[in-house]
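**Student:** Build me a structure from this.
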Amino acid sequence: MTERKYYIDNLRWLCVMMLFPYHIFMIYNNWGEGFYIKGADLMGTSTFIILTWPWFMPLLFSVAGISTAYALKKRGTGGYIKERATKLLIPLIVGILTVIPAQTYFAERFHNGYTGNYFEQYILFFTKPTDLTGYTGGFTPGQLWFILYLLIISFAALLFILLGKKLKLNLDLNKTPAIVLPLLFVLPTLGSLVLDISGKSLGEYFVYFMLGYLLLSKKEILQKLEKYRAIFLTICLVLITLYILIWFFWLDSIKDYEIFMSILERLYGWVTLLALLGMGRKHLNASNGFSKYMSGSSFAVYLFHQTWIVAAAYYIFRITGNAALQIPLIFIISIPLTFASYEVCKRFFLTRFIFAIKK
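**Tutor:** Sure, this is the predicted structure:
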């Protein structure tokens with residue numbers, strides 16, 4: 001029987017909770033990207049996003065790959081397919097029909113002065129031409145892009161896994177030297193060139209998923225990450241420092257900086273991922289009532305959090321234009337409402353089923 005890897009659960013819910021500052025701070029990004037509600041351009045909030053985006057979604061996809069390795073051993077192929085359909089496909093469809101349109105409703109009102117009712121906007125959601133962000137209205141998967149990608153990648157990965165078994169391919173990665181592990185950032189870097197949709201590459205996240213399945217699920221590799229966690233963390237801190245210096249001070253002086261930064265971001269993100277897995281295995285491999293609750297609620301929190309952030313921001317912006325007041329108020333309102341949504345949905349069979357919530 002596979003021993004429960006509590007640090008995997010804990011890293012997952014910690015990443016999900018980090019989406020609250022990430023998406024609240026997106027309201028104040030200073031690099032010209034829109035959002036459902038857009039506030040002042042702020043350096044501090046933008047810096048947080050710049051430093052976190054290279055690793056936290058790759059970590060979630062890698063963790064999903066690790067979990068797949070354990071799930072296939074426990075449930076088999078048929079059970080895995082059924083689980084993916086019920087835990088990803090159904091919440092994805094229901095979420096796009098019920099959760100996401102509220103975000104574009106507020107975006108329509110904020111950016112376009114929309115005065116119609118919610119249900120009239122619901123028609124706009126499915127008919128208005130859009131760039132798929134939905135930042136100024138129109139169709140978007142919103143934050144559920146992750147679930148859509150994970151669904152596609154899970155089934156694509158399963159085909160590769162089954163094909164590998166049929167061809168009797170045996171990739172023994174257990175003995176991969178620790179010094180080689182950081183160099184594997186090359187793989188997601190190459191993957192980023194494949195099927196990039198609005199800055200989110202299916203190829204790149206597929207690579208992270210497969211690295212989780214093939215490499216990071218191996219006990220020997222995880223032992224190396226834990227043993228050398230201080231070294232990986234030190235490299236991570238050096239890369240963070242370099243990343244900040246280049247982003248804020250040297251970017252204009254670098255020729256072909258987009259290619260250079262793309263490579264640096266993947267290196268920084270991958271090494272940070274390795275460091276977090278090593279640190280997590282050492283310090284987060286425990287469970288208590290709080291961590292069990294957070295782990296159990298994390299999927300629903302992911303589903304609901306951004307809609308409440310956008311709704312809270314819309315009304316708070318009508319009360320005050322002071323960002324120093326707006327930001328804490330959005331936190332104070334959106335987090336409790338997100339968990340309240342989880343608590344309500346947890347109490348009814350239908351909502352538990354359609355949002356993949358455990359009882």
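
**Student:** Okay, strands next: where are they in the stretch 101-250 of the chain?
**Tutor:** 196-197, 200-201 (DSSP state E, counting those that start in this stretch).

**Student:** right, and the ones you listed - which one's nearest Gly137?
**Tutor:** For those, distance to Gly137 was read as Cβ to Cβ. The smallest value, 19.3 Å, belongs to strand 196-197. The way it works is simple: take the backbone N, C-alpha and C, and place the C-beta from them, glycine included.

**Student:** Quick one: mean pLDDT for that closest one?
**Tutor:** Per-residue pLDDT values over strand 196-197 give a mean of 84.

**Student:** what's the burial count for Val238?
**Tutor:** If you count neighbours by other Cβ atoms under 10 Å, Val238 ends up with 12.

**Student:** what do you get for Tyr315?
**Tutor:** Other residues within reach of Tyr315, judged by other Cβ under 10 Å, total 13.

**Student:** That one: what's it in contact with?
**Tutor:** By Cβ atoms under 8 Å, 6 or more residues apart in numbering, the contact list for Tyr315 is empty.

**Student:** chain center to the helix or strand that contains it, what's the gap?
**Tutor:** Using DSSP states H and E, Tyr315 maps to helix 289-319. Centroid separation for helix 289-319 versus its chain: 14 Å, with Cα atoms, centre = their mean, to the nearest Å.

**Student:** ditto for stretch 186-196
**Tutor:** So, by Cα atoms, centre = their mean, the centroid of stretch 186-196 is 17 Å from its chain's centroid.

**Student:** could I get that stretch in CSV with only the CA atoms?
**Tutor:** In CSV, the C-alpha atoms belonging to stretch 186-196 read as follows (Å, rounded to 0.1, in the frame of the first residue of the first chain):
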residue,chain,number,x,y,z
VAL,A,186,15.6,22.5,-20.9
LEU,A,187,12.7,20.1,-21.4
PRO,A,188,9.9,22.5,-20.3
THR,A,189,11.7,25.3,-22.1
LEU,A,190,11.4,23.4,-25.4
GLY,A,191,7.9,22.3,-24.5
SER,A,192,6.9,26.0,-24.2
LEU,A,193,7.2,26.3,-28.0
VAL,A,194,4.3,23.8,-28.5
LEU,A,195,0.6,24.9,-28.5
ASP,A,196,1.0,28.2,-26.7
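
**Student:** got a list of contacts for it?
**Tutor:** If you take Cβ under 8 Å, 6+ apart as the criterion, stretch 186-196 is touched by 58, 201-208, 211, 262-263, 266-267, 269-270.

**Student:** Quick one: work out the angle between the strand or helix carrying Gly44 and helix 289-319.
**Tutor:** When elements are assigned from DSSP H and E, Gly44 belongs to helix 43-84. Using axes from the mean of the first three to the mean of the last three Cα atoms, to 10 degrees, one finds that helix 43-84 and helix 289-319 are set 130 degrees apart in direction.

**Student:** buried residues in whichever helix or strand comes after helix 43-84?
**Tutor:** Later in the chain than helix 43-84, the nearest helix or strand by DSSP H and E is helix 90-98. Residues of helix 90-98 classed as buried: 91-92, 94-96 (neighbour count, 16 or more other Cβ atoms under 10 Å).

**Student:** quick one, helices of the stretch 201-350 of the chain?
**Tutor:** For the stretch 201-350 of the chain, the helices defined by DSSP state H, counting those that start in this stretch occupy 202-211, 219-227, 229-245, 257-283, 289-319, 323-346, 349-354.

**Student:** Deepest-packed of those, please.
**Tutor:** Across the helices of the stretch 201-350 of the chain, averaging neighbours per residue (mean count of other Cβ atoms under 10 Å) puts helix 202-211 on top, at a mean of 23.
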